[in-house]
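>>> Build me a structure from this.
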Amino acid sequence: MSLKISTEPKENRQLGMTIEVDQSRVDQELKKAARKVAGQLRIPGFRQGRAPYHVVVRHVGMGALFEEFVDDLGQDVFREAIEQEKIEPFAVASLDNIDMEPLRYSLTIPLAPEVKLGDYRSVRMDEPEIEVDEEIVQARIDEVLQRQADYQTVERPSEYGDLITIDVRAVVLDEEGNETETIVLDESDWDVTPDEENPMEPAGFDEQLLGINAGAEKTFDIAWPEDSPSMYAGNNVRFNVKVHEIKAYVTPELTDEVAQEVGEYATAEEFVESVRDSIREEQKAEAESSYLNGVLDQLVEISELDYPPAAVEMQIDQIIRTTDQQLRQMGLQGIQHYLQLVGRSIDQYRAEQREQAEISLQRGLVLDEIAKAEQIKAKKVEFEERLNEIFGPLNEEAGEEEIESRRGVLEMMRQEGNRHMLEEQIVSEKTIQRVLAIARGEEVPEPGADNEEEAEEETVAEAESVTTEESATEESGSAEGDVVTEEVAPTADTTEGEEKTS
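I've put the predicted structure just below:
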């Protein structure tokens with residue numbers, strides 16, 4: 001049953017479509033819906049399910065009957081419409097409106113993005129020079145040394161931040177300044193750390209602990225503040241302190257011994273060079289990523305891109321899936337739980353990712369189009385190498401069951417669906433390398449040249465295989481001929497017998 005279809009191009013690679021359903025088909029659906037509704041209702045004067053169509057319509061209304069089938073019918077006619085018009089939607093279409101008389105569906109269909117490349121082979125960009133900042137090197141070394149820091153006994157007067165082991169006895173004084181029997185503190189081998197920013201109670205106690213040498217004693221009075229929440233507020237208290245030991249939090253100097261403690265380094269110089277190399281690699285990776293993005297942004301700028309909003313939404317979906325996976329690998333319960341913890345909704349998160357998603361989409365579209373223009377494909381040998389990278393070498397002690405299991409997995413990965421995913425990765429990586437080579441001004445092969453080389457290599461390999469088979473056949477035939485000759489050749493005994501007979 002044909003449909004009345006009209007289409008109208010919209011901006012951003014979208015197609016407006018109106019589908020009008022033939023009235024005879026609508027009537028059929030209405031009658032089916034009426035029978036279904038009649039079977040669910042008790043209509044006075046009729047047995048359940050036996051009420052005529054016009055009675056059901058009068059009883060429930062035409063709108064209720066339409067609601068029974070309009071969504072399902074919409075799905076059916078949409079599939080028929082895109083097949084009839086030979087349209088391939090890029091993503092799920094959106095329903096804009098439904099008119100009932102006549103039944104007409106209005107939809108917006110996202111279409112595949114279109115990319116018109118600029119002169120991408122003329123793009124050039126200088127690579128940044130990587131210079132390791134020695135201040136960063138020293139800061140990284142200091143971080144490592146700080147992790148090695150610890151308290152060490154020092155022979156000097158006490159200072160803020162020291163760990164001081166003391167005996168302390170404190171008693172309340174009477175109005176004449178004499179000690180009473182009210183004891184505030186009586187501690188032995190008590191470890192305290194005077195802190196200028198967060199002093200202990202009462203105020204002034206930390207300051208009194210400064211400038212004392214190990215083995216010395218000190219007596220001092222402190223008036224407990226009137227507004228203190230302490231039970232000793234408003235009292236004068238006498239403290240007697242004896243210092244046993246003073247330890248300072250010391251960051252060690254970088255020596256060969258320290259280098260050996262923090263890692264497998266023979267000398268301090270080797271450790272420093274390792275830190276420098278590590279920073280250089282980090283800066284190199286960051287510079288390479290920045291360089292690639294800069295080149296891609298130039299390619300986007302000289303190209304014409306047209307894509308539907310749905311493409312951006314799909315890119316955001318991918319970002320969310322990736323983030324969710326990363327959070328779960330970190331031991332969290334996924335992105336929904338994370339967003340609850342930070343007080344943000346999924347809609348807010350999607351809005352925050354939109355700009356980056358669009359940038360990533362544009363870069364990806366340009367890369368895909370360059371891959372087509374350069375006729376970049378994944379070679380068989382590259383595909384097999386990637387499989388070996390993923391699964392690694394088979395254990396030498398593997399049994400038949402493990403060997404067979406591995407063979408099954410590899411065969412599964414070679415099947416079309418899984419193979420396509422790996423081949424896309426390989427093509428993407430090769431395209432990036434091609435783009436970088438172009439931007440650096442390096443000599444690059446003509447589009448498709450690599451594929452011709454692969455075809456030649458396969459032809460040679462096949463020829464060698466045939467030659468090997470023919471050679472093996474000839475050797476086999478030669479061996480069989482020798483056997484036959486030996487069987488028919490007369491032996492010495494036979495010859496002598498024949499001569500005697502004659």
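
>>> Please give me every residue in contact with residue 105.
18, 19, 21, 74, 77, 78, 95, 97, 98 (C-beta atoms under 8 Å, 6 or more residues apart in numbering). Where you see a C-beta, it was placed from the backbone N, CA and C, and this is true even at glycine.

>>> out of those residues, which are inside helices?
74, 77, 78 (DSSP state H).

>>> what residues are up against the last one?
For residue 78, the set of contacting residues under the criterion of C-beta under 8 Å, 6+ apart consists of 19, 93, 105, 107.

>>> And the residue nearest the centre of the chain, how close does it get to residue 329?
Compute the mean C-alpha point of the chain, and by C-alpha atoms, centre = their mean the closest residue is residue 322, 4.4 Å away. Separation of residue 322 from residue 329 (C-beta to C-beta, to the nearest Å): 11 Å.

>>> which residues in this protein form strands?
All strands of the chain, identified by DSSP state E, fall at 4-10, 14-20, 94-99, 104-110, 114-116, 150-153, 163-173, 179-192, 217-223, 236-250, 304-306.

>>> Count the neighbours of residue 7 for me.
The number of residues packed near residue 7 is 15, by other C-beta atoms under 10 Å.

>>> Spell out which residues make up each domain of the protein.
The chain resolves into domains spanning 4-112, 150-250, 381-447, 458-502 when parsed by automatic domain parsing.

>>> thinking again about what came up before, among the contacts of residue 78, which one is most surrounded by other residues?
residue 105 (24 neighbours).

>>> Now it. Nearest residue, chain neighbours left out?
residue 19 (4.6 Å; C-beta to C-beta, 6 or more residues apart in numbering).

>>> residues touching the one you found, list them.
Counting by C-beta under 8 Å, 6+ apart, residue 19 has contacts 3, 4, 5, 77, 78, 81, 104, 105, 107.

>>> same thing but at 7 Å, please
Neighbouring residues of residue 19 by C-beta atoms under 7 Å, 6 or more residues apart in numbering: 3, 5, 77, 78, 81, 104, 105.

>>> same thing with residue 29?
Neighbours of residue 29 in contact, by C-beta under 7 Å, 6+ apart: 69, 73.

>>> what stretches of the stretch 301-450 of the chain score poorly on pLDDT?
Counting by pLDDT under 70, the stretch 301-450 of the chain contains no low-confidence residues.

>>> Same check on the chain?
Counting by pLDDT under 70, the ranges of the chain that qualify are 1-2, 45, 47, 49, 452-502.

>>> pretty sure residue 21 is in contact with residue 100, am I right?
No - look at residue 21 against residue 100 with C-beta atoms under 7 Å: they stay out of range, at 10.5 Å.

>>> Pick out whichever of those two has more residues nearby.
residue 21 (21 against 11).

>>> Without its sequence neighbours, what residue ends up closest to residue 74?
Nearest non-adjacent residue to residue 74, counting by C-beta to C-beta, 6+ apart: residue 105, 5.4 Å away.

>>> Equivalent analysis for residue 324, please.
residue 335 (4.2 Å).

>>> before we move on, what about residue 360?
residue 315 (5.8 Å).

>>> what number of residues lie near the one you found?
21.

>>> That one and residue 75, how far apart?
Taken as C-beta to C-beta, the span from residue 315 to residue 75 is 26 Å.

>>> cool, and residue 355?
Taking C-beta to C-beta, one finds residue 355 at 34 Å from residue 75.

>>> likewise residue 422?
Taken as C-beta to C-beta, the span from residue 422 to residue 75 is 34 Å.

>>> Settle it for me: which of the two has more neighbours?
residue 422 (17 against 10).

>>> Would you mind listing the residues in contact with the more buried one?
383, 386, 413.

>>> Do I have it right that the second one meets residue 426?
Okay, so that is residue 386. Yes - counting by C-beta under 7 Å, residue 386 touches residue 426, with 6.1 Å between them.

>>> any idea which of the contacts of residue 78 is closest to residue 432?
Top of the list for closeness to residue 432, among those and by C-beta to C-beta, is residue 93 at 33.3 Å.

>>> Look up how far residue 107 lies from the closest one.
5 Å.

>>> again, but for residue 53
From residue 53 to residue 107 the distance is 30 Å (C-beta to C-beta).

>>> cool, residue 417 as well?
Separation of residue 417 from residue 107 (C-beta to C-beta) stands at 30 Å.

>>> what does residue 344 give?
Between residue 344 and residue 107 the distance, using C-beta to C-beta, works out to 33 Å.

>>> now swap in residue 31 and tell me
Residue 31 sits 26 Å away from residue 107, going by C-beta to C-beta.

>>> Kindly report the same for residue 60.
From residue 60 to residue 107 the distance is 28 Å (C-beta to C-beta).

>>> count of residues packed around the closest residue to residue 258 other than its chain neighbours?
Leaving aside its chain neighbours, residue 258 sits nearest to residue 252 (5.2 Å; criterion: C-beta to C-beta, 6+ apart). Residues lying near residue 252 (other C-beta under 10 Å) number 15.

>>> Same question for the one 10 residues further on.
The number of residues packed near residue 262 is 17, by other C-beta under 10 Å.

>>> could you list every residue that touches it?
144, 148, 271.

>>> Please determine how far it is located from residue 275.
Residue 262 is 10 Å from residue 275, by C-beta to C-beta.

>>> how about stretch 342-358: buried residues?
Applying a neighbour-count criterion of 16 or more other C-beta atoms under 10 Å, one finds 349, 353, 357, 358 buried in stretch 342-358.

>>> can you list contacts of it?
312, 315, 316, 319, 339.

>>> which ones among those are found in helices?
312, 315, 316, 319, 339.

>>> correct me, but residue 195 touches residue 209?
No - applying C-beta under 7 Å, one finds residue 195 not in contact with residue 209, separated by 10.3 Å.

>>> With neighbour numbers in mind, choose between the two.
Shown here are residue 195 and residue 209; by other C-beta under 10 Å, residue 209 has more neighbours (24 against 11).

>>> dump the residue contacts of that one.
Residue 209 touches 158, 164, 192, 194, 241, counting by C-beta under 7 Å, 6+ apart.

>>> The third one and residue 167 touch, don't they?
I take that to be residue 192. No - using C-beta under 7 Å, residue 192 is not in contact with residue 167; the gap is 11.2 Å.

>>> When these two are compared, which one has more neighbours?
More crowded of residue 192 and residue 167, by other C-beta under 10 Å: residue 192, with 18 against 15.
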